[in-house]
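[1] next one to model:
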Amino acid sequence: MLIRHLEYLCALHRERHFARAAAACHVTQPTLSAGIKQIEEVLGVLLVERGHRFIGFTAEGERVLGWAQRVLADYEGLTQELGSLREGLFGRLQIGVIPTALPLMHLLTEPFAERHPRTATAVLSMSSADIQRGLDAFELDAGVTYLDNEPLARVRTVPLYEERYVLVTPAGGAFDGADEASWEEAAGLPLGLLTSDMQNRRILDMHFREAGAVVRPVFETNSTLTLMAHLRRGRWSTVVPHTYLGMLDGASGLVCRPMTAPAAAHKIGLVVAEREPLQPLARALLATAASAEVTKSLQSLFAA
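    Numbering: from 1, shown residues only. Below is the predicted model:
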């Protein structure tokens with residue numbers, strides 16, 4: 001049984017299709033099927049429910065898959081560790097990020113790239129639940145998510161900043177001369193918000209309830225880009241994290257006011273799987289996060 005055969009098994013798990021899994025591994029479908037068959041012969045168990053198409057894994061196959069993912073992650077970590085001793089860290093860093101933190105990811109990725117020029121980074125927009133699954137399945141090196149609301153399990157964390165909230169509303173209204181906005185006032189506006197499957201929306205709903213307000217958005221979306229585009233039409237309002245303020249630079253006809261009564265803040269942080277030894281890429285990203293002046297940059301943004 002070879003490392004390559006374990007890669008075939010994990011590719012089949014990701015693609016849920018024999019031909020696509022073979023293409024992802026750059027082999028023919030018979031080669032992939034033969035490699036998985038060899039694992040079954042070595043272990044003496046059936047791993048895959050076979051039919052005209054991929055059906056799923058057997059109970060034994062699910063167990064073997066978990067070990068295969070761990071073995072491949074350790075093997076990749078080993079090759080990165082040995083390679084870094086000779087020429088510096090290399091490899092592809094995979095980070096799952098909740099949508100509200102995406103505007104600030106350059107604060108991590110840029111210094112990481114400067115320190116480790118032989119690496120490449122993929123920043124993937126994900127829900128916190130998907131980040132948990134990605135870390136558990138060894139498909140992500142790290143995540144950026146909430147630390148104090150629906151926190152992830154089996155992770156080590158580095159706090160990055162506190163997410164606070166602002167009302168964004170068309171100019172020419174009651175908030176032109178105001179210094180702040182209340183949750184109750186915001187609830188009375190024609191709001192566009194993220195959909196309820198997004199953790200940020202569940203946080204906003206919680207604070208509206210705490211203020212005794214009922215919010216009924218006139219439109220919802222799971223895309224931050226769509227939300228920003230609607231705001232620029234000058235018809236709707238929204239409540240967003242203060243991290244979005246940079247995306248609204250140059251948008252005329254809008255005013256932004258901090259949300260108070262009650263004031264609210266939630267911790268956003270970097271998470272990596274709690275395991276030893278840490279993958280070299282994850283370890284290097286933790287070191288970068290610990291040295292980055294993220295909080296200072298955000299404070300400057302919020303003050304602006």
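
[2] roughly how far apart are the residue sitting nearest the centre point of the chain and residue 114?
    Geometric centre of the chain, nearest residue: residue 97, 2.1 Å, by CA atoms, centre = their mean. Going from residue 97 to residue 114 by CB to CB, to the nearest Å gives 20 Å. For glycine as for every other residue, the C-beta is placed from the backbone atoms N, C-alpha and C.

[3] quick one on the thing from earlier: who's in contact with the residue nearest to the centre of the chain?
    Contact analysis of residue 97 by CB atoms under 8 Å, 6 or more residues apart in numbering lists 105, 123-126, 131, 143-145.

[4] nearest residue to it in space, ignoring adjacent ones along the chain?
    Among residues not flanking residue 97 along the chain, residue 144 sits closest, at 4.5 Å (CB to CB, 6 or more residues apart in numbering).

[5] now swap in residue 220 and tell me
    Nearest one to residue 220, counting by CB to CB, 6+ apart, is residue 195 at 4.8 Å.

[6] residues near the one you found, how many?
    12 (other CB atoms under 10 Å).

[7] please state the backbone phi and psi of it?
    Dihedral angles of residue 195 (phi, psi; degrees, to the nearest 10) stand at phi -70, psi 160.

[8] residue ranges with poor pLDDT in the stretch 151-300 of the chain?
    Filtered on pLDDT under 70, the stretch 151-300 of the chain yields the residue ranges 250-251, 292-300.

[9] can we see that at 90?
    Counting by pLDDT under 90, the ranges of the stretch 151-300 of the chain that qualify are 161, 172-174, 177, 196-198, 214, 222-235, 242-253, 260-263, 275-278, 290-300.

[10] which residues does the spatially closest residue to residue 212 that is not a sequence neighbour contact?
    Leaving aside its sequence neighbours, residue 212 sits nearest to residue 184 (CB to CB, 6+ apart; 6.8 Å). Neighbouring residues of residue 184 by CB under 8 Å, 6+ apart: 211-213, 261.

[11] Throw together a PyMOL command that grabs the buried residues out of those.
    Entered in PyMOL, the line below selects the buried ones among the contacts of residue 184, by 16 or more other CB atoms under 10 Å:
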select buried, resi 211+213
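
[12] can you redo the contacts of residue 184 as a markdown table with secondary structure and distance to residue 279?
    Supplementary listing: these in a markdown table, determined by DSSP: H, G, I helix; E, B strand; the rest coil; distance: CB to CB, whole Å:
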| residue | secondary structure | distance to residue 279 |
| --- | --- | --- |
| 211 | coil | 43 |
| 212 | coil | 47 |
| 213 | coil | 44 |
| 261 | coil | 44 |
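
[13] wait, is residue 20 part of a helix?
    Yes: secondary structure assignment places residue 20 in a helix (DSSP: H, G, I helix; E, B strand; the rest coil).

[14] ok, it - how many residues close by?
    Neighbours of residue 20 under the rule other CB under 10 Å: 15.

[15] can you give me the distance of it to residue 13?
    Residue 20 sits 12 Å away from residue 13, going by CB to CB.

[16] could you do residue 158 as well?
    Counting by CB to CB, the separation of residue 158 from residue 13 is 30 Å.

[17] now residue 142
    Counting by CB to CB, the gap from residue 142 to residue 13 is 21 Å.

[18] so the two - more neighbours on which side?
    Between residue 142 and residue 13, counted using other CB under 10 Å, residue 142 has the larger neighbour count: 25 against 21.

[19] tell me what that one is bridged to.
    residue 95 (DSSP bridges).

[20] related to what we said a few turns ago, confirm that the residue nearest to residue 97 sits in a helix.
    No: secondary structure of residue 144 (three-state DSSP): strand, not part of a helix.

[21] contacts only, for it.
    By CB under 8 Å, 6+ apart, the contact set of residue 144 is 95-98, 101, 105, 108, 160, 268-271.

[22] and whatever helix or strand residue 72 lives in, what other elements does it pack with?
    Assigned by DSSP states H and E, residue 72 falls within helix 59-87. Other helices and strands packing on helix 59-87, by 3 or more CB pairs under 8 Å, 6 or more residues apart in numbering; DSSP states H and E, are helix 3-15, helix 29-43, helix 280-291.

[23] tilt between the first one and helix 29-43?
    Read that as helix 3-15. Inter-element angle recorded for helix 3-15 and helix 29-43: 110 degrees (by axes from the mean of the first three to the mean of the last three CA atoms, to 10 degrees).

[24] now do helix 3-15: everything it contacts.
    Counting by CB under 8 Å, 6+ apart, 18, 21-22, 24-25, 27, 32, 35-36, 38-39, 47-48, 54, 57, 64-65, 68-69, 71-72, 75, 139 sit against helix 3-15.
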